[in-house]
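Enquirer: Could you work out the structure for the sequence below:
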Amino acid sequence: MRTRTAVRLLRRASKTGSPLDRMRARRAVSRLARALLAGDTLDGRAAEAASALVASLAARPTVVSTGIADTVRRALRSLPDGAASHRICALALGGDAEASAAAADAGYLPPDGPDLAALLVLTGQIDRYRDLVVDDQMLAVAYTAAAGGLKERLRAAVRESGQVDALRMMLGGTREARLRALSRPEQEYLVDALVAASRYEDTWALLIDLPVLSALFAAGRLHGAGWAPRQPGDRVLFDRLAAAQRAVLANPRGRFQNVFPEITGRVTHLSFAPDAPQLVLTTESGDVHLWDLDSGRPVRTVVLPGGRRGVDRVLHLGNDQLFIVAGAPDGPHHNGYLADRDGLRPLALSGWVRAVVRTSAGHLVVATTSPKWRWESLTIETWSGGSLVSSQRVAGWGEGDPVLSWDGSLVAFGGTVYTTVSEVELDMSGDGSVNSRVVTTEVSDGYWLKVIQVATGSVVQEWRSGWDYRLGHPVSFSPDGHDLVFSDLDAIPLPPGAGRWRRWDGPDSDRPVRVGAFAVAEGSDTVVFASGPDIVVSTWSDRELVGRVPGDRKIPRHLAVSPDGELFAALNHDDTVSLWDRHIARLGPLLAAPLTDAVPADLALVDAVSAAGLPERYRDTVEALAALLRHRFAHEIHLAGPAENPPTGMTRKHDVALGEDRE
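Expert: Predicted structure coming up:
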């Protein structure tokens, strides 16, 4: 087949928009399949044709009929050159079922060793895998380099075959590095695979290296299988771990990462109560759930009247009262509700809610915008007990959400400075004459920010910049109210003349932090923010690091912190909700890191946190962590020299001094 013909057929095979396009695509696919069956390499385009044929099978019956599909499948199993068969292997590794079947039936193999091992396992060719792959190291390399979807399919294939060593696949080679890279679901899968294969000794050896939460999971699985280690010292540790796992499962607040399974629907907002251990969660369906954190059970659920677009935000006001903001399907304003045990009372809000705070006096301060004022001003409303106390209009609102101070006396907002640019456009008419017109457009010329006194409407502070986009997007006032905070945690001091920009370099790094979601505890000196998947807890005044909680690949999209800074919750991108306690944040890295990374200082930290008054709900798990660390260090002592000539430095990270009364 000539090059021009092959290119035309490939182009037609990919177009399926209109009925005419689909008819041409069917003809093109049929011709390409027959050419490949005849051994035609399509002038070096057989690999492209293979991709087009696989795509046509995925589009059945739009593109190919049953008869054509059979021809296409036969063509995919008799490809004329190596490049085309390698393309089928790549598509099979990507998860395409038709490509996988073709590769298995025709015996296609990718050129790369790790890909070869992965493809044979995925397609169930275990006997061929044993013949062609010397050991499982190639599969381990493939698993390490694989993306998330391929890893899941490899684990499923290994589980189904029952003939491939999951331990070697996931931890082959540099064991510590591989173990460190595994997510918690992968660790639990590995434990389940070993226990299902009755490899209890291997599971116990793995347990000692796992992060503590996965180690407890493994102990629970081994205990459920009726196994226990034979050595007395190991048996004591095992019994403690199994008991700790049972206690964690029995106590909802004892879990470090608490997901709320009873809630159906996508969670949209979180809010802590100011006077009780309660968390409010809202959903897209319009339900509001009040959760008691001590018992781990729901207190009550508020269902809004029908015809709403879901809950946009919620604020717990204390005294068992909730302020709920929901949108109407067709209306110029939000619907506000005050909910308590007596029922649901509507609040006549003047517009769309842009910001809301709860003051220490128990008042509710709401900033709204309305088309009545052409979206050019804010209305600051103060409510008390369901009654409107005052309403002030603040002119000059910009484009981003405003920020209210904790007492509601100040409002900050920013926007973009636009400049009008005029240009002359020329247009030639049909008779050859030239017409001109002036076209004006607005272009960005910088950013501005204002802080305004609500009561008087006067400007307290104002900034302009030609480059600093942060001015248009303030996000909060600092806990003490003396700074205006931006999305990167840099801040402008207030009032005027108090100083220059305060740059947040991070409590444990010389580099600026990259901040995702963050929350400020207005009743304490606490800031909680997301740095990648991790959640960092820090003081605001001196940037002292309180703790870092590993997110285990759960990226927070919204954070909430209790007013006293003791509890914080993350609403993750996978729609799970994680609940954490400040008491445990100091142990955050130890919860996620494999115990192979532990050093004696970690045990000292665990003991110090326990001695400082750890809440009872965490005691079982933290004591289990301490027991695991003591067990490891008891078996990893390395004497570097005689007592009379002590070494000047430690030879390994686990070297410690031995005392006479060591346990």
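Enquirer: Run through the stretch 1-150 of the chain and note the low-pLDDT ranges.
Expert: Along the stretch 1-150 of the chain, the parts satisfying pLDDT under 70 run over 62, 134-135, 148.
Enquirer: change it to 90
Expert: For the stretch 1-150 of the chain, residues meeting the criterion pLDDT under 90 lie at 1-84, 88, 92-100, 104-150.
Enquirer: so which helix or strand takes in L190?
Expert: According to DSSP states H and E, L190 maps onto helix 184-196.
Enquirer: just how off-centre is that helix within its chain?
Expert: In terms of C-alpha atoms, centre = their mean, to the nearest Å, the centre of helix 184-196 is set 22 Å apart from its chain centre.
Enquirer: quick one: average confidence on that helix?
Expert: Helix 184-196 shows a mean pLDDT of 88.
Enquirer: helices and strands around the helix or strand that contains L57, which ones?
Expert: Secondary structure assignment for L57, by DSSP H and E: helix 46-58. Helix 46-58 sits against helix 3-13, helix 19-37, helix 66-76, helix 82-93, helix 97-106, with contacts defined as 3 or more C-beta pairs under 8 Å, 6 or more residues apart in numbering; DSSP states H and E. From N, CA and C alone the C-beta is placed, and that goes for glycine too.
Enquirer: Show me what secondary structure element comes after the last one.
Expert: So that's helix 97-106. With elements assigned by DSSP H and E, the helix or strand that comes after helix 97-106 is helix 113-122.
Enquirer: which outside residues touch that following helix?
Expert: The contact list for helix 113-122 (C-beta atoms under 8 Å, 6 or more residues apart in numbering) reads 89, 92-93, 100, 103, 109-110, 126, 128-129, 132-133, 136, 138-139, 141-143, 145-146, 150, 153-154, 157-158, 161, 164.
Enquirer: quick one: low-confidence ranges for the stretch 351-500 of the chain?
Expert: In the stretch 351-500 of the chain, residues with pLDDT under 90: 351-354, 359-363, 368-378, 384-387, 393-401, 406-407, 413-451, 455-500.
Enquirer: Helix or strand next in line after the helix holding L190, which one?
Expert: Heading C-terminal from helix 184-196 (DSSP H and E), you reach helix 200-207.
Enquirer: Next, the angle helix 184-196 makes with that next one.
Expert: Orientation of helix 200-207 against helix 184-196 (axes from the mean of the first three to the mean of the last three C-alpha atoms, to 10 degrees) gives an angle of 160 degrees.
Enquirer: quick one, what contacts the residue nearest to the spatial centre of the chain?
Expert: Nearest to the geometric centre of the chain sits I555, at 1.9 Å (C-alpha atoms, centre = their mean). Each residue near I555 by C-beta under 8 Å, 6+ apart is listed here: 516, 530, 532-533, 572-573.
Enquirer: nearest to R184, of those?
Expert: Closest to R184 out of the contacts of I555 is P533 (11.8 Å), distances taken as C-beta to C-beta.
Enquirer: right, and that closest one touches R548 too?
Expert: No. Counting by C-beta atoms under 8 Å, P533 does not reach R548; the two are 10.8 Å apart.
Enquirer: where does A273 sit relative to G362, distance-wise?
Expert: For A273, the distance to G362 equals 13 Å [C-beta to C-beta, to the nearest Å].
Enquirer: shared neighbours of these two, which are they?
Expert: Common contacts of A273 and G362 (C-beta under 8 Å, 6+ apart): G318.
Enquirer: Neighbour count for these two, which is higher?
Expert: For A273 versus G362, neighbours defined as other C-beta atoms under 10 Å are more numerous around A273 (24 against 13).
Enquirer: Give me the spatial nearest neighbour of that one, chain neighbours excluded.
Expert: If the residues on either side of it in the chain are set aside, A273 comes closest to H316, at 4.2 Å by C-beta to C-beta, 6 or more residues apart in numbering.
Enquirer: in a helix, that's where the one you found is, yeah?
Expert: No. Checked against DSSP: H, G, I helix; E, B strand; the rest coil, H316 lies outside a helix; its state is strand.
Enquirer: what bridges to it?
Expert: When bridges are taken as DSSP bridges, the partners of H316 come out as L322.
Enquirer: on that earlier part again, show me what the helix holding L190 is packed against.
Expert: If contacts are counted by 3+ C-beta pairs under 8 Å, 6+ apart, helix 184-196 sits against helix 148-161, helix 166-171, helix 200-207, helix 212-224.
Enquirer: Could I get the buried residue list for that helix?
Expert: Using 16 or more other C-beta atoms under 10 Å as the test for burial, helix 184-196 gives 184, 186-195.
Enquirer: With stretch 296-313 instead?
Expert: Judged by neighbour count (16+ other C-beta under 10 Å), stretch 296-313 contains these buried residues: 296, 299, 302, 304, 308, 310-313.
Enquirer: Using CSV, lay out the residues you listed together with secondary structure, pLDDT and distance to R73.
Expert: Output for the buried residues of stretch 296-313, formatted as CSV (DSSP: H, G, I helix; E, B strand; the rest coil; pLDDT from 0 to 100; distance: C-beta to C-beta, whole Å):
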residue, secondary structure, pLDDT, distance to R73
G296, coil, 71, 54
V299, strand, 84, 59
V302, strand, 87, 56
L304, coil, 80, 54
R308, coil, 53, 51
G310, coil, 70, 47
V311, strand, 78, 51
D312, strand, 80, 52
R313, strand, 84, 54
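Enquirer: Max pairwise distance over those: which two?
Expert: Farthest pair in the buried residues of stretch 296-313 (C-beta to C-beta) is G296 and R308. Separation: 28.5 Å.
Enquirer: ok, which stretches of the stretch 201-350 of the chain are strands?
Expert: 267-272, 278-283, 287-292, 297-303, 311-318, 321-327, 334-340, 343-347 (DSSP state E, counting those that start in this stretch).
Enquirer: Please disregard the earlier target; I meant the stretch 351-500 of the chain.
Expert: Applying DSSP E, counting those that start in this stretch to the stretch 351-500 of the chain gives strands spanning 352-358, 364-369, 377-384, 387-395, 403-404, 410-428, 434-453, 459-465, 474-477, 483-486, 491-493.
Enquirer: CSV for those strands, including distance to S51 and mean neighbour count?
Expert: What follows is those, written out as CSV (distance: least, C-beta to C-beta, whole Å; neighbours: other C-beta atoms under 10 Å):
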stretch, distance to S51, mean neighbour count
strand 352-358, 49, 20
strand 364-369, 51, 24
strand 377-384, 55, 20
strand 387-395, 59, 14
strand 403-404, 52, 24
strand 410-428, 45, 14
strand 434-453, 43, 14
strand 459-465, 50, 15
strand 474-477, 46, 22
strand 483-486, 47, 24
strand 491-493, 53, 20
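Enquirer: Distance to T268 added to those, as JSON lines?
Expert: As requested, the strands of the stretch 351-500 of the chain are exported to JSON lines (distance: least, C-beta to C-beta, whole Å):
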{"stretch": "strand 352-358", "distance to T268": "14"}
{"stretch": "strand 364-369", "distance to T268": "18"}
{"stretch": "strand 377-384", "distance to T268": "22"}
{"stretch": "strand 387-395", "distance to T268": "26"}
{"stretch": "strand 403-404", "distance to T268": "20"}
{"stretch": "strand 410-428", "distance to T268": "23"}
{"stretch": "strand 434-453", "distance to T268": "28"}
{"stretch": "strand 459-465", "distance to T268": "32"}
{"stretch": "strand 474-477", "distance to T268": "18"}
{"stretch": "strand 483-486", "distance to T268": "23"}
{"stretch": "strand 491-493", "distance to T268": "28"}
